[in-house]
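Peer 1: Whatever this is, show me its structure:
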Amino acid sequence: KIQYRVLPAEQPQFPDRYFDLICVAQALHWFDIPAFFREARRVLRPGGILAVFGYGFFRINAEIDALLADALHRKLSPFWSARNQLVISGYSGVDFPFDPVPCPDFAITAEWMPEDLINYISTWSAVKRYNQQASIPVEESLRRILSPVWPEPLTVYMDIYKFIRRK
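Peer 2: Residues are numbered from 1 along each chain as shown. The predicted structure follows:
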């Protein structure tokens, strides 16, 4: 009894009080948030759940995090869009509707080598914008500085922030 549809989040074309759950994972920052929340109020049943999840930057260990603060985060800072800044901030300032529901903390963890991290960050829009104007792509700079200090797989952590609300 599952139906798949591709629709704008702000115009879901479903009847009133249709859903028990609306889940948004790492995407709210791309929505017209006030319009989406209006539709969420309309299409959620009483007692329904709005679950919004996201993650910001990763952390590895003090030494590598310090290297990345300069070689990656400071370089890319001017290249993030305002929408990206919203997710990076953990959706701070977003006025979520409905009543909060307690939920345990959780995180993403993975065992990575430097090339895994580089492959991940190469998908970022800020990296693409930075590389268009840089003489050396950020990925190349990272390879140079990370290889000597990251010779074996290390655990990468990404905290998940979540906003679970009941209508």
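
Peer 1: only C-alpha atoms for contact and neighbour calcs from this point on.
Peer 2: OK.

Peer 1: for the protein, what spans make up the strands?
Peer 2: Ranges of strands within the chain are 19-25, 44-55, 99-100, 107-112, 154-166, based on DSSP state E.

Peer 1: among the ones you listed, which is the most enclosed?
Peer 2: When you average the neighbours per residue for each of those (mean count of other CA atoms under 10 Å), strand 44-55 leads with a mean of 19.

Peer 1: chain center to that one: distance?
Peer 2: Put simply, strand 44-55 sits 17 Å off its chain's centre (CA atoms, centre = their mean, to the nearest Å).

Peer 1: which residues touch that strand?
Peer 2: By CA atoms under 8 Å, 6 or more residues apart in numbering, the residues outside strand 44-55 that reach it are 16-28, 40, 87-88, 90, 158-167.

Peer 1: try stretch 20-37
Peer 2: Residues outside stretch 20-37 that contact it (CA under 8 Å, 6+ apart): 9-11, 40, 44-45, 47-55, 83-84, 86-87, 91, 96-97.

Peer 1: try 7 Å this time
Peer 2: Stretch 20-37 has contacts (CA atoms under 7 Å, 6 or more residues apart in numbering) with 9-10, 44-45, 48-55, 83-84, 86-87.

Peer 1: Figure out how far it is from the centre of its chain.
Peer 2: For stretch 20-37, the distance to the chain centre is 12 Å (CA atoms, centre = their mean).

Peer 1: returning to that earlier point: switch the strands of the chain over to JSON lines; also include mean pLDDT.
Peer 2: Listed next are those as JSON lines, based on pLDDT from 0 to 100:
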{"stretch": "strand 19-25", "mean pLDDT": "95"}
{"stretch": "strand 44-55", "mean pLDDT": "96"}
{"stretch": "strand 99-100", "mean pLDDT": "96"}
{"stretch": "strand 107-112", "mean pLDDT": "96"}
{"stretch": "strand 154-166", "mean pLDDT": "95"}
